[in-house]
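Enquirer: Sequence plus predicted model, see below.
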Amino acid sequence: MASAVVDTSDLASRGRILANSEHNHLSNSFVNEAVVSNSNANHMSSDSSNSMSKSKHSTNISSSTKNQSTETNSSRSFIILGVLFFTSILVMVFIYLRFPNMDLEEKQYIKVPQDIADAKNLGRILSRYKDKYFYQVLAGYFIVYIFLQSFAIPGSIFLSILSGFLFSFPLALFLVCLCSAVGASFCYLIADFVGHRLVEKYWPARVADWQAQVASYREHLLNYIIFLRITPFLPNWFINIAAPVINVPLKLFFLGTFIGVGPPSFVAIQAGTTLHELTSSSDTVSWTSIIILTVFACLSLLPVVLKRKLQRKFD
């Protein structure tokens, strides 16, 4: 009986020992797993941090490379612009050298007119040689007018007035419209090549807004270009430079300019027929000219208004 009690006590003691051993084993296992889990978590966190750091570093490098590329392209664009400018100067010098021999008094007036007095003096000199050297005078006028328009240099208004003094009215009107359209298109291309990147770099939000507005009026874009050319709301040089930035198609730009400069050129050429009577460029503006420009401006937008009314009627 005593032996049975001892055995039972011994078995119970061994059971407690085994239970404690298993409990300790499980505890150690959980601790080890927790340590491993923490280690893995720390490792993953470290990898994630390194990855983010690498990504940020890569982004900085990409941004820096992009800025350097933009600056390089801008510098290259200005160099090309300078080459084009001086090439144009050389072409005008060549045309000048093809002119007949003039005395010193006449040569001092061969310059781009900046006021009516300059236009009068230039017209007086060119009228002496126009009949005998007609094509040289015509080529010189054409090249200089396009040069002024291409590089947005003031003075083309006086050349428009001068054309009315030198040439017949139909030829003068066609010549001014053609020179304006060609010169404005060259200015468009130069602005597209040089200014597009700069404007998008410094005013990206505004450019996007302008482009969206142009897209909404694309169906009647030709009419709006003609309207802007007729009216004095925006200077022509600004239209030439802004057009490529806001994605105005070159063909529409050329055609709209050719048609749109017609009415203002009509007024300037008409004034040029009496060039010797003018005292300033403001003499070209009269109530008659204002009425003419207003009528043509309204006519340019008339198709847009009529089409919208028809659409509303049928809708």
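Expert: Okay, I see it.
Enquirer: and Tyr188, what does it touch?
Expert: Tyr188 makes contacts with Asn240, Ala243, Pro244, Leu250, Phe253, as judged by CB atoms under 8 Å, 6 or more residues apart in numbering. In this view, the C-beta of every residue, glycine as well, is placed from N, C-alpha and C.
Enquirer: and Leu234, how many neighbours?
Expert: Burial of Leu234 is recorded as 11 neighbouring residues (other CB atoms under 10 Å).
Enquirer: Okay, it and Ala242: tell me how far apart.
Expert: Distance, Leu234 to Ala242, using CB to CB, to the nearest Å: 8 Å.
Enquirer: Could you pull out the buried residues of stretch 254-263?
Expert: Along stretch 254-263, these residues count as buried under the neighbour rule (16 or more other CB atoms under 10 Å): Phe254, Gly256, Thr257, Phe258, Ile259, Gly260, Val261, Gly262, Pro263.
Enquirer: got it, and stretch 230-238?
Expert: Using 16+ other CB under 10 Å as the test for burial, stretch 230-238 gives Ile230, Thr231, Asn236, Trp237.
Enquirer: Surely the third one and Ala242 touch.
Expert: Right, Asn236. No: with contact defined as CB atoms under 8 Å, Asn236 and Ala242 do not form a contacting pair (10.8 Å).
Enquirer: name the element Asp105 belongs to?
Expert: Let me fix one detail, which is that residue 105 is Glu and not Asp. For Glu105, the enclosing helix or strand under DSSP states H and E is helix 104-107.
Enquirer: what about that helix, distance to the chain center?
Expert: 42 Å (CA atoms, centre = their mean, to the nearest Å).
Enquirer: Would you mark the buried spots in it?
Expert: In helix 104-107, counting by 16+ other CB under 10 Å, buried: Glu106.
Enquirer: Kindly report the same for stretch 87-100.
Expert: Applying 16+ other CB under 10 Å to stretch 87-100 flags Ser88, Ile95, Phe99 as buried.
Enquirer: hmm, back to that, now, which of the contacts of Tyr188 sits nearest Ile79?
Expert: Checking those against Ile79 with CB to CB, the nearest one is Pro244 at 19.5 Å.
Enquirer: Excluding residues flanking it in the chain, which one is nearest the closest one?
Expert: Asp192 (3.5 Å; CB to CB, 6 or more residues apart in numbering).
Enquirer: what about the one you found, how many residues close to it?
Expert: Neighbours of Asp192 (other CB under 10 Å): 16.
Enquirer: And Thr284, by the same measure?
Expert: With other CB under 10 Å as criterion, Thr284 counts 21.
Enquirer: Adjust the sequence numbering to begin at 171 for everything that follows.
Expert: Noted, 171 is the first residue going forward, which turns the last one into Thr454.
Enquirer: thinking again about what came up before, need the buried residues of stretch 400-408 in TSV (columns: distance to Glu447 and secondary structure).
Expert: Below are the buried residues of stretch 400-408 laid out as TSV (distance: CB to CB, whole Å; DSSP: H, G, I helix; E, B strand; the rest coil):
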residue	distance to Glu447	secondary structure
Ile400	26	helix
Thr401	27	coil
Asn406	26	helix
Trp407	29	helix
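Enquirer: Out of those residues, flag the one nearest to Gln383.
Expert: Closest to Gln383, out of all of the buried residues of stretch 400-408 and judged by CB to CB, is Thr401, at 17.9 Å.
Enquirer: who's in contact with the closest one?
Expert: Leu463, Ala467 are the contacts of Thr401 under CB under 8 Å, 6+ apart.
Enquirer: got a pLDDT number for it?
Expert: On pLDDT, Thr401 comes in at 92.
Enquirer: Give me the distance between it and Val465.
Expert: Distance from Thr401 to Val465, by CB to CB: 12 Å.
Enquirer: overlap in contacts of these two?
Expert: What both Thr401 and Val465 touch, as defined by CB under 8 Å, 6+ apart, is an empty set.
Enquirer: Break down the stretch 321-470 of the chain into its helices, ranges please.
Expert: 326-336, 339-360, 366-372, 374-386, 391-400, 406-415, 420-430, 432-442, 457-484 (DSSP state H, counting those that start in this stretch).
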